[in-house]
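S.K.: just coords:
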């Protein structure tokens with residue numbers, strides 16, 4: 001049994017690595033075919049880049065609120081400093097995993113063993129809420145645009161599949177108890193069912209915060225794209241929603257999907273007719289804003305707190 005699980009993990013990791021390499025090759029090939037002499041990249045509207053930076057605290061405030069909701073649901077009584085330090089530690093461990101899924105690792109280490117399973121499950125519910133919102137909003141953007149980078153290859157079937165899958169994610173998020181009943185003999189499932197039963201509004205609250213965070217992502221990316229000379233309108237916003245949809249699904253290994261983000265950005269926004277180098281710079285800037293800077297500050301802050 002253990003050997004079978006280990007073999008599946010090895011195969012899965014190999015497939016992720018293969019997909020990661022394909023994405024990087026794709027980006028390199030796209031760059032090789034560019035006429036760099038004709039591409040003039042400059043900061044056209046620096047004020048909007050500043051707005052993007054100013055949205056960093058608001059972005060992470062939504063995650064901070066989710067974490068506080070988790071702590072309150074678990075009835076964990078700790079001073080604000082412990083809560084904040086655990087949040088920063090989660091930011092660091094999350095940076096090392098795709099879609100910040102490893103943020104619970106750093107967070108739960110600040111609390112006694114009896115709280116860890118419950119806090120882990122609550123953190124995963126928060127991550128699930130962000131995933132569901134991204135899928136729903138991205139699917140809405142795709143349906144309104146009626147265009148994807150590969151839409152010609154799959155036709156209308158792809159739109160129907162994406163819409164159905166997104167609605168299924170929403171259904172299972174708010175009806176998770178129904179799905180978990182099939183796995184009730186496992187301890188963590190019973191723990192999660194208890195949380196969902198005792199705190200009926202936790203999913204709706206986290207869903208609302210995830211929706212606010214997605215709006216912040218959208219405004220932030222729009223500001224950065226405009227700062228580097230890209231035209232911004234309602235259609236551009238729909239492409240941004242589609243970008244976050246695909247980047248969430250894209251496989252990655254570490255560092256907040258660095259490299260993968262830029263590849264997906266080129267793939268998506270090239271279909272929108274945007275200048276590819278500007279798109280790469282914008283995607284990298286978002287990574288710096290939302291992941292690199294907060295993680296670096298977290299490392300510095302926690303190091304000073306330990307001294």
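M.R.: Now that the structure is in, tell me what you want to look at. Just so we're clear, the structure is a prediction, and the values are computed from it rather than from any experiment. Numbers count the residues shown, from 1 in each chain.

S.K.: Please name every helix or strand in contact with the longest helix anywhere in the chain.
M.R.: Longest helix of the chain, by residue count under DSSP state H: helix 113-145. On a contact count with 3 or more Cβ pairs under 8 Å, 6 or more residues apart in numbering; DSSP states H and E, helix 113-145 meets helix 56-73, helix 103-108, helix 156-174, helix 187-198, helix 202-227, helix 234-249. Where you see a C-beta, it was placed from the backbone N, CA and C, and this is true even at glycine.

S.K.: what separates that helix from the chain centre, distance-wise?
M.R.: Taking Cα atoms, centre = their mean, to the nearest Å, one finds helix 113-145 lying 9 Å from the centre of the chain it belongs to.

S.K.: ok, back up a step: buried deepest among the helices and strands packed on helix 113-145, which one?
M.R.: helix 103-108 (a mean of 23; mean count of other Cβ atoms under 10 Å).

S.K.: which secondary structure elements does that one contact?
M.R.: helix 80-95, helix 113-145.

S.K.: If you average pLDDT over each of these, which is lowest?
M.R.: For the helices and strands packed on helix 103-108, mean pLDDT drops lowest on helix 80-95, to a mean of 84.

S.K.: between that one and helix 56-73, how big is the angle?
M.R.: 110 degrees (axes from the mean of the first three to the mean of the last three Cα atoms, to 10 degrees).

S.K.: tell me what helix 80-95 is packed against?
M.R.: helix 56-73, helix 103-108, helix 293-306.

S.K.: quick one, it and helix 113-145 angle?
M.R.: On the basis of the same axes, to 10 degrees, helix 80-95 is oriented at 60 degrees to helix 113-145.

S.K.: Provide a list of residue ranges in the protein with pLDDT below threshold.
M.R.: Applying pLDDT under 70 to the chain flags the ranges 1-42, 97-101, 150-157, 182-191, 251-259, 305-307.

S.K.: pretty sure residue 225 contacts residue 232?
M.R.: Yes: under the criterion of Cβ atoms under 8 Å, residue 225 makes contact with residue 232 at 6.5 Å.

S.K.: Now for the closest residue to residue 62 other than its chain neighbours: which residues touch it?
M.R.: Distances taken as Cβ to Cβ, 6 or more residues apart in numbering place residue 213 nearest to residue 62, at 4.1 Å, with adjacent residues excluded. Residue 213 is in contact with 59, 62, 63, 130, 133, counting by Cβ atoms under 8 Å, 6 or more residues apart in numbering.

S.K.: What of residue 268?
M.R.: By Cβ under 8 Å, 6+ apart, the residues touching residue 268 are 149, 239, 242, 243, 246.

S.K.: Distance check, the third one against residue 262.
M.R.: What that stands for is residue 242. 16 Å (Cβ to Cβ, to the nearest Å).

S.K.: Next: residue 167.
M.R.: Applying Cβ to Cβ, the value for residue 167 to residue 262 is 30 Å.

S.K.: cool, residue 246 as well?
M.R.: Remark: distance between residue 246 and residue 262 (Cβ to Cβ) = 13 Å.

S.K.: re earlier: list the buried residues of the longest helix of the chain.
M.R.: By 16 or more other Cβ atoms under 10 Å, the buried positions in helix 113-145 come out as 115-142, 145.

S.K.: Residue 111: which element?
M.R.: Residue 111 is part of no helix or strand when elements are defined by DSSP states H and E.

S.K.: Residue 230 too?
M.R.: Residue 230 belongs to no helix or strand, assigned by DSSP H and E.

S.K.: Can you list phi and psi of the nearest residue to it once chain neighbours are set aside for me?
M.R.: By the measure of Cβ to Cβ, 6+ apart, the closest residue to residue 230 outside its immediate chain neighbours is residue 274, 5.4 Å from it. Main-chain torsions, residue 274, degrees, to the nearest 10: phi -90, psi 150.

S.K.: Now do the contacts for residue 274.
M.R.: 225, 230, 239.
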